[in-house]
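K.L.:
This is a predicted model, with the sequence first.
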Amino acid sequence: MSGTRLWHPFAAMGKVDGAELVLARGEGARVWDVDGREYLDATAGLWFANVGHGRAEIAAAAAKQMETLAAHHAFGDLANEPARELAERVAQLAPLDDPAVFFGSGGSDAVDTAGKIARRYWSLLGQPERCVIVSRRFAYHGMHAYGTSLGGIAANQEGLGTLVSDVLVVPHDDPAALARALDELGGRAAAFIGEPVIGAGGVIPPPEGYWQEVERILHERDVLFISDEVICGFGRLGTWFGADRYDVRPDMITCAKGITSGYMPLGAVIASGKVRAPFWAEGAPPFRHGYTYSAHATACAVGLANLDVIEREGLLERVQILEPQLTAALAEVADLPGVTEVRTAGLLGAIELEPELVSARPTLADEIAVAARGHGVLTRALRGNALQLSPPFVVEPDELRAMVAGIARALTDVVAVAAR
């Protein structure tokens, strides 16, 4: 064997082997590779470096916790102070009534946990037939078996067969279709899960009034509402949670990424008082679910330090200021050859490519992402037909414009070659 022994996620290893871009350090909205080349990080790692790279105070919080109690399991009645404190703090921030917080190691853990909580909830209430979870076209809910099955991106399911069968996917923008699907299930629906703004599926904001109508439909049919905020949570949309921005109150929120800004792997399910009640009732059996690193002491200490930075520096307000600047910068790209649409919400953006070009050249978006590196920008393809912008909240306005300009130059170069 030659080349790397690192098996990369979401990679065609035959192409990656021997052609890795090895990153060495980061600061703010910039990263450097091992050869010293500098890049603007238009993806914030993978939607997660909300407070930016190189935060010494977060590293110090991790080191301090590791010196006392790095980690210990929290099964049964065991706990640690950072986990208890972070659960309390997150519960206070979330737009849910009297919630509890279940920690895992990331977003995929959170979705898997939320799905099992939903099904177990109805079982405890004497309705075990309520086992189907409904999701949306273009959705991304992680890559555990549950999240893969709930996802609405077909390429992520190819060659895997049926993993979890009790799922149903509906259109992403049609509340009436959701209502019909729930009625056709005849009382078998346990929950509906949706991202406030679809992320990996292409940064697709909801139609006006969509979430309020979904909330009404779910409430009328007594179906649990799970808001998947792995990307949108902790400020990405200029509010603590996407549910705040769209003025809805879900029954559960899944989150990860921004809870630590990626400085440690951590995810969570925030469950409302309604959902947790049968689990916390006197005499209720144990919920036999959890992970080795659930409530990991160091990860939770990092989460607390990360929230301190967001609050102290007013980063939610900063996202609100930067949002129109991102929108304006992308508007200048909208009329370029090969571009069919640009979309923004908060500090999320996407440049969608013309379907005819993508159909003729399926690798087009990936080629543009690679070409952007030559212009000093790291971006990535979304669903094979769009390019991602989700910079750290600390990005400067001139850096934001430079990110868009670099991607635009790469796009123009690659599209010109593809059109020949």
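P.N.:
Done, it's in.
K.L.:
what's around residue 91, how many residues?
P.N.:
Residue 91 sits with 15 neighbouring residues when counted by other CB atoms under 10 Å. Every residue, glycine included, has its C-beta placed from N, CA and C.
K.L.:
distance of it from residue 261?
P.N.:
Separation of residue 91 from residue 261 (CB to CB, to the nearest Å): 20 Å.
K.L.:
Next one: residue 161 from residue 132, what distance?
P.N.:
Relative to residue 132, and taking CB to CB, residue 161 is found at 19 Å.
K.L.:
now swap in residue 23 and tell me
P.N.:
42 Å.
K.L.:
Between these two, which has more neighbouring residues?
P.N.:
residue 132 (21 against 16).
K.L.:
Dihedrals phi and psi, the more buried one?
P.N.:
Backbone geometry at residue 132, expressed as degrees, to the nearest 10, gives phi -90, psi 130.
K.L.:
And stretch 217-234, what's buried?
P.N.:
217-218, 223-234 (16 or more other CB atoms under 10 Å).
K.L.:
Over to stretch 94-102?
P.N.:
94-96, 99-102.
K.L.:
and the two most separated of these?
P.N.:
95 and 102 (17.4 Å; CB to CB).
K.L.:
Going by distance to residue 62, which of the buried residues of stretch 94-102 wins?
P.N.:
residue 101 (19.9 Å).
K.L.:
what about the helices in the stretch 201-350 of the chain?
P.N.:
Ranges of helices in the stretch 201-350 of the chain, per DSSP state H, counting those that start in this stretch, are 210-220, 242-245, 273-280, 297-312, 315-331.
K.L.:
export these to a markdown table and tack on distance to residue 175 and mean pLDDT?
P.N.:
Below are the helices of the stretch 201-350 of the chain laid out as a markdown table (distance: least, CB to CB, whole Å; pLDDT from 0 to 100):
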| stretch | distance to residue 175 | mean pLDDT |
| --- | --- | --- |
| helix 210-220 | 4 | 98 |
| helix 242-245 | 16 | 98 |
| helix 273-280 | 22 | 98 |
| helix 297-312 | 32 | 98 |
| helix 315-331 | 25 | 98 |
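K.L.:
could those be laid out in JSON lines, adding distance to residue 37?
P.N.:
Formatted as JSON lines, those follow (distance: least, CB to CB, whole Å):
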{"stretch": "helix 210-220", "distance to residue 37": "42"}
{"stretch": "helix 242-245", "distance to residue 37": "35"}
{"stretch": "helix 273-280", "distance to residue 37": "48"}
{"stretch": "helix 297-312", "distance to residue 37": "27"}
{"stretch": "helix 315-331", "distance to residue 37": "23"}
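K.L.:
Which among those is found nearest to residue 68?
P.N.:
That would be helix 297-312 among the helices of the stretch 201-350 of the chain, by CB to CB, at 8.3 Å.
K.L.:
Summarise which helices and strands the longest helix along the chain is packed against.
P.N.:
With secondary structure taken from DSSP state H, the chain has its longest helix at helix 397-418. Taking 3 or more CB pairs under 8 Å, 6 or more residues apart in numbering; DSSP states H and E as contact, the helices and strands that helix 397-418 lies on are strand 38-41, helix 315-331, strand 348-353, helix 355-360, helix 364-373, strand 377-378, strand 386-389.
K.L.:
Which elements pack onto the following helix or strand past the first one?
P.N.:
Following the chain from strand 38-41 toward its C-terminal end, the next helix or strand by DSSP states H and E is helix 44-47. Counting contacts by 3+ CB pairs under 8 Å, 6+ apart, there are no secondary-structure elements packed against helix 44-47.
K.L.:
List the buried residues of helix 44-47.
P.N.:
Quick answer for helix 44-47 (16+ other CB under 10 Å): 44-47.
K.L.:
residue ranges with poor pLDDT in the chain?
P.N.:
Where the chain drops to pLDDT under 70, the residues are 1-2, 420.
K.L.:
got the domain boundaries for it?
P.N.:
13-55+314-418, 57-312 (automatic domain parsing).
K.L.:
For the first one, what is the distance to the chain centroid?
P.N.:
Right, the one you point to is domain 13-55+314-418. 16 Å (CA atoms, centre = their mean, to the nearest Å).
K.L.:
Span of that domain from start to end?
P.N.:
24 Å (CA to CA, to the nearest Å).
K.L.:
same check, this time on stretch 306-318
P.N.:
End to end - CA to CA - stretch 306-318 spans 16 Å.
K.L.:
what sits up against it?
P.N.:
For stretch 306-318, contacts defined as CB atoms under 8 Å, 6 or more residues apart in numbering pick out 50-51, 55, 57-58, 86, 89, 234-235, 238-240, 258-261, 263, 393-394.
K.L.:
Of the residues you listed, keep whichever come out buried.
P.N.:
Using 16+ other CB under 10 Å, the buried members of the contacts of stretch 306-318 are 50-51, 55, 58, 86, 89, 234-235, 238-240, 258-261, 263, 393-394.
K.L.:
Filter those down to just the ones in strands.
P.N.:
Secondary structure defined by DSSP state E assigns none of the buried ones among the contacts of stretch 306-318 to strands.
K.L.:
count of residues packed around residue 64?
P.N.:
Neighbour tally, residue 64, other CB under 10 Å: 12.
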